[in-house]
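Q: I need the structure of the sequence given here:
(chains A and B)
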Number of protein chains: 2
Amino acid sequence: MKQSNLFGRTLREAPSDATTPGTQLMLRAAIARPLAAGLYTWLPLGFRVARKVEQIIREEQDRIGAQELRIPVITPAEYWKETGRWDTLEPVSFRTKDHNGRDYMIGYTHEELVMHHARNEILSYRQLPAMVYHFQEKGRDEERPRAGLLRVREFVMKDAYSIDRDWEGLNEQYWAQHGAYAKTFARMGLDAISVESDTGNMGGDVAHEFQVLTDVGEDRLVFCTNCDYKANMEKATRKIESAAAAPSNVPAATPIATPGITSIDALTSSLKIAPKDLLKTLLMKDLTGNVVAIVMPGDRELNEPKLRKVLKTSDVKFANDTDFAAVGAVPGYIGPTLATLAEQGPLPLGLNARLLVDASVETRPYVAGANKKDTHVRDVLPGRDFKGETVDVHDVREGDPCPKCGGRVTIKRGVEVGNIFKFGPYYAEKMKATYLAEDGTHKPLMFGSYGIGIGRAVQTIIETHHDARGIIWPLAVAPFQIHLLPLFSKDESVRESAEVLLKELEFMGLEVLYDDRDDSPGVKFADADLIGIPFRLTVSARTVKENAVELKRRDEEKATLVPRGEIVSKMRSLVGERRR
Amino acid sequence: MKQSNLFGRTLREAPSDATTPGTQLMLRAAIARPLAAGLYTWLPLGFRVARKVEQIIREEQDRIGAQELRIPVITPAEYWKETGRWDTLEPVSFRTKDHNGRDYMIGYTHEELVMHHARNEILSYRQLPAMVYHFQEKGRDEERPRAGLLRVREFVMKDAYSIDRDWEGLNEQYWAQHGAYAKTFARMGLDAISVESDTGNMGGDVAHEFQVLTDVGEDRLVFCTNCDYKANMEKATRKIESAAAAPSNVPAATPIATPGITSIDALTSSLKIAPKDLLKTLLMKDLTGNVVAIVMPGDRELNEPKLRKVLKTSDVKFANDTDFAAVGAVPGYIGPTLATLAEQGPLPLGLNARLLVDASVETRPYVAGANKKDTHVRDVLPGRDFKGETVDVHDVREGDPCPKCGGRVTIKRGVEVGNIFKFGPYYAEKMKATYLAEDGTHKPLMFGSYGIGIGRAVQTIIETHHDARGIIWPLAVAPFQIHLLPLFSKDESVRESAEVLLKELEFMGLEVLYDDRDDSPGVKFADADLIGIPFRLTVSARTVKENAVELKRRDEEKATLVPRGEIVSKMRSLVGERRR
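A: Below is the predicted model:
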């Protein structure tokens, strides 16, 4: 293909809002262009990559027996209402109405739709197991689209769905997908590792994510430095020693004056104590407005996904002034004591809210808020001075003991390039999807789902495959295999020689981008490095005279001269040998 | 592939609302399933057909140098507002808002988006010509989805866009697409003919449609029986003899009492005249509510697309009671006389509206409404008794003279399977999309667009390729090439023999659906006929004994026995020889 015809021009400078190195290169190399925040058009060069990524995914899905189908983007509300996700997905989805007033969601995902078809198509155990998938646009109204194609508001996902008779079948298909994912990412040049993850708003219990480690990743991942434990921070736990018996010599809780001291920093420096000796109490509310108080040590951070799971809600927010007033909390001085206990006990004031006590709170005296302006309380003993439900809602941190072996954990950043969910009968029960089992009874269809976003995979490949000059595509997903650069001379010899070579390469089935532009060698080399095609062939007056072609790999610094008579078969073997 | 695993079951009976023979077969054969009116999921069998249709289109687009890209489904309102289509497409499109209140359209088509990218990517004449295309979902809120996949509310369209320096370049790419379309449809087994068509809400002037003739088609097509004239009814004209001089001996217009006679039928039988001797006056209004009166002979039908074009509006409706009152029209007795003329002349009452006189109205006396209850007028002479703008807004009908040669025209029904539009500078001017020309000036990008709907193509193939028992797929788009049916015997010999044959066929790269189900021969044969795979191979106790395989083409009645040793190479050559 002639480069002068390519729709989409390379840019010298990236737009100033391109925050990650990969985003800058993605835009400069004309891979995609934004139409609005989080809405991107694939330009032809980028779409060639996207199609190769898609084809790798398709081959690995077909290999495990999945069947491709295609469900619409516009999905009727009625199916989402059966599972309750019409409401829970509202904050993150796009909605539309037809001119008769009927409601639709732009598919955020497609579980409900597959389950609907399954309950109509699958009548008997003889039709199971089944596995289907499609490549389809998803709409997600992300509050903060970021990093080019990494987090967007519309993207094509490969989503697969397994349907089984029982847990055994589901486990088999779940792990078949796990294996297919490992192969899929390896083939596209991504070093993806699978970690346990939270199921979020998907329902079900068991889920894994495939994560590629990179500093631009949004996800925090917890790894044990000793064993094979790894988990997303949203799900990770740490080993917590079983509670010691309450010490008997703790003095009674005593109010202390702390005028104007409302932050942990101010409190620790004023009282000369460490953050871990403080209790902070957070007021949070769920999607329906219920307010809960969470008590945790001053040196621990709240993990919202874990809290959402505890509260069985799809969103939690910090409480506002009205909520504070409603439960009798004083901003800056909020403390764990319940109103009922405060009435009987030594603590001055209490809180009218459900009280969750994080598992990292130990049975020892702390300083805590008094629920009274300018006042804290010393020697607050958990269990004696307040009681609540124990929950695990804190972030694991660097150095914490591994929940599996007790070794130290470390934390890294990653991009989630794929996820797999084991739902079991969750959707079938909500949607009354059963099959006639061999024993004559009706049983729920066991369900799993499996997603990979195309654009995110491509952006992650760029983020992890580039240098300062441009992208370095893995061969299997490169937009072209060979970039042929003629450095035109005054006579026509270079052009003629290059065009014959182009024909020979294309005749061998190789994918060649031919830079036919009348630009300087500097411009051509810079664009070649930016676009990042794996093999660059240069034809110049010098190489023509020497009856050779200059070959340079994008991932190596040195170029070599290859005799003209050998170059085509050499390229054929280089492209062939590295094909997967 | 094993038929027992196929997701999607064949149906004995079609749902009662399946109106066309092809829709019944499409649903019975598990090609697609509705989620709601006009929203269909492709089941795996149908999606294999859709993918083959897509690939044929892609190959023919690539062959003429078009580059594939991909634009989102969710498109920002701002681009549509530049051309005014944000408003004009409202009645037929789906809209959505994000949580920040910004407006989007589910792409009804993608001209504005391509033009937006073109104005950013194309700076100079050196980058032209360009041609891009994508396969993407379109949302269209059709009032009346019908006939399975023929008219739906969401469908994947291949839409291509040509961008050129000038008319000459545009003509070249337009006719290149015309040629590509002819090849594309021929390859998928559709006998499509190109006809001139109306541009509808697309803008521009020149357009062609590719039509497949079938009684289930919604479009009416006008063909000359003598020359090569052919056009969609929405655009077709007829030869009209130039107006004769007004006859001088027509008596003055005279009111006549017609109490309770408000229909053409009643009027013609009461006055004993033919419909062609009556004038009917229709009150219509455009999208903005302007009312116009259209006068035409009683035996002619209004052509709304032609009227829309005259009124430069995207929609026309019949006027309602309020409109009638506003212009002084009396339902059942409406006539063409203008109020201003009525005051001066012999006619009792007049109409306060813009008056359009259809070209089929001749200069001779007619009976017309008097705009007065229970009254008509005799001897109304066009030009003498009323004047208006002459327009061509009537339907051509069977036997009318051809506008090109004067021969007789005939009318047939067709399905529009593709359309191509030559816009010229229409979009560029509205969207300020220019390029730097060779002469140093900035010129508008010349634009064309070219669409094919995948689902409609598949449904049209079914409508034109079936018999009473089922679909008869053309080989190039068949979901599988071979349907292998073992008629299981009590011993395992048939199963073993069939499974060896399956492996041999698949090893040769042939696509085989293997009916491994424990069903009766009758069920298997009926499903094979319904699904319509081109070649059926049957293995039974008898064929095993005779060391042969039974081969039957779906499009022939007779089966033949082929020696087992020859069947694989025979199938390879049968599939190969008919491949395109």
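
Q: and the residue of the stretch 151-300 of chain A found nearest chain B, its phi and psi?
A: Residue nearest to chain B within the stretch 151-300 of chain A (C-beta to the nearest C-beta): residue A:154, separated by 4.7 Å. C-beta here means a position set from N, CA and C on the backbone, and glycine is covered the same way. Torsion angles at residue A:154 (phi, psi; degrees, to the nearest 10) stand at phi -140, psi 130.

Q: I'd say it and residue B:72 touch.
A: Yes. Assessed by C-beta atoms under 8 Å, residue A:154 is found in contact with residue B:72 at 4.7 Å.

Q: got the residues of the stretch 451-580 of chain A near chain B?
A: By C-beta under 8 Å from any C-beta of the partner chain, the residues of the stretch 451-580 of chain A that approach chain B are residue A:517.

Q: just the residues contacting the helix or strand encompassing residue A:269, thanks.
A: Using DSSP states H and E, residue A:269 sits within helix A:264-271. Contacting residues not belonging to helix A:264-271 are listed as A:256, A:258, A:260, A:261, A:273, A:274, A:275, A:278, A:280, A:298, A:367, A:376 [C-beta atoms under 8 Å, 6 or more residues apart in numbering or on different chains].

Q: ok, 6 Å please
A: A:261, A:275, A:298 (C-beta atoms under 6 Å, 6 or more residues apart in numbering or on different chains).

Q: ditto for stretch A:294-310
A: A:198, A:234, A:264, A:275-276, A:278-282, A:316, A:336, A:356-358, A:360-361, A:391, A:393-395.

Q: of these, which belong to helices?
A: Among the contacts of stretch A:294-310, the ones falling in helices (DSSP state H) are residue A:264.

Q: any quick PyMOL command for the buried ones out of the contacts of stretch A:294-310?
A: In PyMOL syntax, the buried subset of these is picked out as below (16 or more other C-beta atoms under 10 Å in any protein chain shown):
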select buried, chain A and resi 198+234+278+279+280+281+282+316+336+356+357+358+360+361+391+393+394+395
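
Q: mind checking which of the contacts of stretch A:294-310 land in strands?
A: A:279, A:280, A:281, A:282, A:316, A:356, A:357, A:358, A:391 (DSSP state E).

Q: which bits of the stretch 51-200 of chain A sit near chain B?
A: Contact residues, the stretch 51-200 of chain A versus chain B (C-beta under 6 Å from any C-beta of the partner chain): A:67-74, A:76, A:94, A:96, A:98-99, A:121, A:130, A:132, A:137, A:139, A:141, A:154.

Q: returning to that earlier point: list the buried ones in the helix holding residue A:269?
A: Buried, per 16+ other C-beta under 10 Å, within helix A:264-271: A:267, A:268, A:271.

Q: and whichever residue of the stretch 201-350 of chain A sits closest to chain B, how far from residue A:287?
A: Of all residues in the stretch 201-350 of chain A, the one sitting closest to chain B is residue A:315 (12.5 Å; C-beta to the nearest C-beta). Separation of residue A:315 from residue A:287 (C-beta to C-beta, to the nearest Å) stands at 5 Å.
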